[in-house]
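Mind looking at a prediction? Sequence and model below.
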There are 2 protein chains.
Amino acid sequence: MNDKFTLKCSGCGREFSPSPELYLCPECSKLNTTTTPPKGVLKAIYDFDVLKSSAEKVISNNFWDLMPIISPDSLPMLKVGNTPLYRFTDIDGKRLPFQLYLKDDSQNPTFSFKDRASSVVSAYAKENGISTIVAASTGNAGSSLAGICAAQGQKAIIMVPKSAPVAKLTQIVMYGATIVPVDGNYDMAFDLSIEATKAFGWYNRNTAFNPLTIEGKKTVSFELFNQLSREIPDYIFVPVGDGVIISGVYKGFEDLLNVGLISKMPTIVAVQTEGSSNLINNLKRDDFLVTPSSTIADSISVDIPRNFCMAKEFINLYHGETLSVTDNEIIEASMILSRNTGIFSEPAAATAYAGMLKYYQRQQFNKNQKVVVLLTGSGLKDLNAVSKAITIPNAIEPNIEALRKMNI
Amino acid sequence: MNDKFTLKCSGCGREFSPSPELYLCPECSKLNTTTTPPKGVLKAIYDFDVLKSSAEKVISNNFWDLMPIISPDSLPMLKVGNTPLYRFTDIDGKRLPFQLYLKDDSQNPTFSFKDRASSVVSAYAKENGISTIVAASTGNAGSSLAGICAAQGQKAIIMVPKSAPVAKLTQIVMYGATIVPVDGNYDMAFDLSIEATKAFGWYNRNTAFNPLTIEGKKTVSFELFNQLSREIPDYIFVPVGDGVIISGVYKGFEDLLNVGLISKMPTIVAVQTEGSSNLINNLKRDDFLVTPSSTIADSISVDIPRNFCMAKEFINLYHGETLSVTDNEIIEASMILSRNTGIFSEPAAATAYAGMLKYYQRQQFNKNQKVVVLLTGSGLKDLNAVSKAITIPNAIEPNIEALRKMNI
């Protein structure tokens, strides 16, 4: 039995014993509608007071006491997380007046940050004897779950809106997952996956539904704590769609606060695209206004951010900042990032980098501040998004005179 | 001055001091024609006798004494190599009667094995004050050099045949490299890049031309030696096109033999595709017969294998084995690999896995033999190759009855 943690409702404060059948708070989720962000997303709570008394042991155990899994053997063998953190000192030949760190999460088995969540969900299913995991997805989460399940010998069922691009589906099918295209949008696929979970006894990986996705995503914060030699960065730029990654980043640092390993929360900057900024636009409203989303950063293109409530709570409590950038700024940022670092990121990741560039242009960083940008996935995941921004020159005759004329 | 190594011609045996202007053996390369594999590819020789007397120090220095670079600071900051080695015990639920290890080189900054070569070439250019590097490429080598140069603040110029697919060029352009499409085939781009090297004083990264590409690629053997706790694998399956990767694998183990850290060479299996097997088909011929190549594994689709002479010498000397597989076997192997491991590889990498499967089917492995497969790049690099082999089912109505009918 897993008694490492309980699950607490961020809405009503009730605490529950974890079980593979428990996703949202049974009380608060009764109020959920299909037109507002769901309530009752649960948060894992550990025995922080006990852990606080042996905080150094938490570090030497590699934060395992703060993970909802009983045994590391339940995790996939694939190397998930522990991705590189690079410091870059210049952009386009200009010395930066702050310390820029890039966290390259394209270096994960399926080439995205989502593997952090999939691996923890998969391990929890394994420890509870469940061999089939379902998820609704339009891309990275689905391919991540499919890949992790392949490594674990589990069955993955991925429900996708029928409009999902074939390129994204290819990776899912290659991993041997069962793909279920649904004649409807992402929300319909999401709802069907939940219904199927109840009907067939599958485990469900949907983000902002399964509380363990946040527990997987929070591991990035533990790594930053280690990689920056226990110093807390001043800013962390995070791409935001449904609000789960940013909640994961907050949750990791909050755990560290709770066990006394850090004394303050970094300033986390939620970066959305102007074409899809329903999370940050609604932070100060009482009702919830949905503006239909449209952006090239398709993995953060979201009408109703499913983890809005928890993200809002974190942002308010820890004085988070918000920012939105245009699609053009994303493409521009993607090119600046690639040509300065050799890191080719998907548009969602370039969104966070674009946010950092905007702060830099506005001179919002002080000297020697530590600024981290979360690069959440490989640019190979979505070549089309940038292809219209680049030009391939015409072919030249294969001789040196023709080459000279190019004036390289 | 770099006096760590000399360059020896595998043809005539002459030794030369390295310099950024020295590529092929000046004597032997005089004999080169455009219709046979080039002669005079040089091999780096270290002071093996001295190193032999302190072999343990070679290991504790992480094999730095066997690298052609003076300072590790010259290498890119990006994490190149040190990729995971995974052991898998089953395929499709069947226990394997041997030890299967997969070396996942998709976990490199530009998502392919080629970064090993690019980083060493880039570092050598840096130590010799050269800031522009040129390469002829149809894909991975070009994007790798472009990415590594971006990280190093160097200028990359990539010459491509004009038929190269836009998807592969996108990554190159994003890294800020100058792309030069050439109205001709790969060989014409190759020759033009060499002419440009002389004309403009650029450094040239072409494989089987710049001897340091092999020095970069050999690092995979040092890692295998460490990851297998100094035990030598019985078999290593390597995808083969122009013969440079396999020469790199041999060179790494040969260095270890030369400094006395191992006492025998593993059996290295060169796997080509039936549509492009000019290297293995010519091993026993006196003349060189070119069969036009055609295969879905485009990064190993080669008419004249440029490193034929060195690869042949290694294969003969160390009793290497050879094998060819069909395109259908590659696609099938790619799916078996992905669904059993969560590792999605490009067709070239799946070629090596297909070779391993063939040996397994023919019961060529003894119990407990250690078998390594080199997975050289990410499947995201070439989604088209497998897309025709997979089927996406029709969309269902978004309700549970429709889902039941799918009989998942």
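Nice, I can see it. Since we're looking at a predicted model, the values are computed, not measured.

Against A:Leu145, how distant is the closest residue to A:Ser71 other than its chain neighbours?
What sits nearest to A:Ser71 in space, not counting adjacent residues and going by Cβ to Cβ, 6 or more residues apart in numbering or on different chains, is A:Glu127, at 7.3 Å. Every residue, glycine included, has its C-beta placed from N, CA and C. Between A:Glu127 and A:Leu145 the computed distance is 17 Å (Cβ to Cβ, to the nearest Å).

out of those two, which sits in the more crowded spot?
Comparing A:Glu127 with A:Leu145 by other Cβ atoms under 10 Å in any protein chain shown, the one with more neighbours is A:Leu145, at 31 against 17.

residues in contact with that one?
By Cβ atoms under 8 Å, 6 or more residues apart in numbering or on different chains, A:Leu145 lies in contact with A:114, A:118, A:121-122, A:133, A:135, A:137, A:156, A:158, A:177, A:205.

Does the residue nearest the centre of chain A lie in a helix or a strand, and which?
By Cα atoms, centre = their mean, chain A has its centre lying nearest to A:Ile245, at 3.4 Å. If you go by DSSP states H and E, A:Ile245 is part of helix A:244-258.

For the stretch 101-250 of chain A, which residues are neighbours of chain B?
A:104, A:106-107, A:109-111, A:147-153, A:157, A:162, A:166-167, A:169-171, A:173-176, A:178-184, A:188-189, A:191-192, A:195-196, A:199-200 (Cβ under 8 Å from any Cβ of the partner chain).

Just the buried residues of those residues.
A:104, A:106-107, A:109-111, A:147-152, A:157, A:162, A:167, A:169-171, A:173-176, A:178-184, A:188-189, A:191-192, A:196 (16 or more other Cβ atoms under 10 Å in any protein chain shown).

re the thing from before, check which helices and strands the helix holding A:Ile245 is in contact with.
On a contact count with 3 or more Cβ pairs under 8 Å, 6 or more residues apart in numbering or on different chains; DSSP states H and E, helix A:244-258 meets strand A:42-46, helix A:48-52, helix A:115-127, helix A:212-217, helix A:219-227, strand A:235-239, strand A:267-273, helix A:308-317.

hmm, who's touching the helix or strand just after the second one?
Per DSSP H and E, helix A:48-52 leads on to helix A:55-60 as the next helix or strand towards the C-terminus. When contacts are taken as Cβ under 8 Å, 6+ apart, the neighbours of helix A:55-60 outside the stretch itself are A:51, A:65-66, A:226, A:259-261.

Closest to chain B out of the residues you listed?
Relative to chain B, the closest of the contacts of helix A:55-60 is A:Asn226; by Cβ to the nearest Cβ it sits at 15.6 Å.

The closest residue to that closest one other than its chain neighbours - how many residues pack around it?
Counting by Cβ to Cβ, 6+ apart, the nearest residue to A:Asn226 once its immediate chain neighbours are dropped is A:Ile59, at 7.7 Å. Neighbourhood size, A:Ile59 [other Cβ under 10 Å]: 17.

now swap in the one 3 residues further on and tell me
If you count neighbours by other Cβ under 10 Å, A:Asn62 ends up with 15.

does it sit in a helix or strand, and which one?
Here A:Asn62, judged by DSSP H and E, is contained in no helix and no strand.

Would you mind listing the residues in contact with it?
Residues in contact with A:Asn62 (Cβ under 8 Å, 6+ apart) are A:Phe222.

How about A:Lys155?
A:131-133, A:149, A:177-178.

again with A:Phe98
Neighbouring residues of A:Phe98 by Cβ under 8 Å, 6+ apart: A:360, A:365-371.

end-to-end on stretch A:258-269?
The first residue of stretch A:258-269 is 21 Å away from its last residue (Cα to Cα, to the nearest Å).

Which single residue in the stretch 51-200 of chain A comes nearest to chain B?
Nearest to chain B in the stretch 51-200 of chain A, going by Cβ to the nearest Cβ, is A:Gly176, at a distance of 2.8 Å.

Could you verify that that residue is part of a helix?
No - counting by DSSP: H, G, I helix; E, B strand; the rest coil, A:Gly176 is not found in a helix; it is coil.

Just list the residues touching the closest residue to it other than its chain neighbours, thanks.
Nearest non-adjacent residue to A:Gly176, counting by Cβ to Cβ, 6+ apart: B:Arg339, 2.8 Å away. Contacts here follow Cβ under 8 Å, 6+ apart; on that basis B:Arg339 touches A:150, A:174-176, B:92.

Nice, that's everything, thank you.
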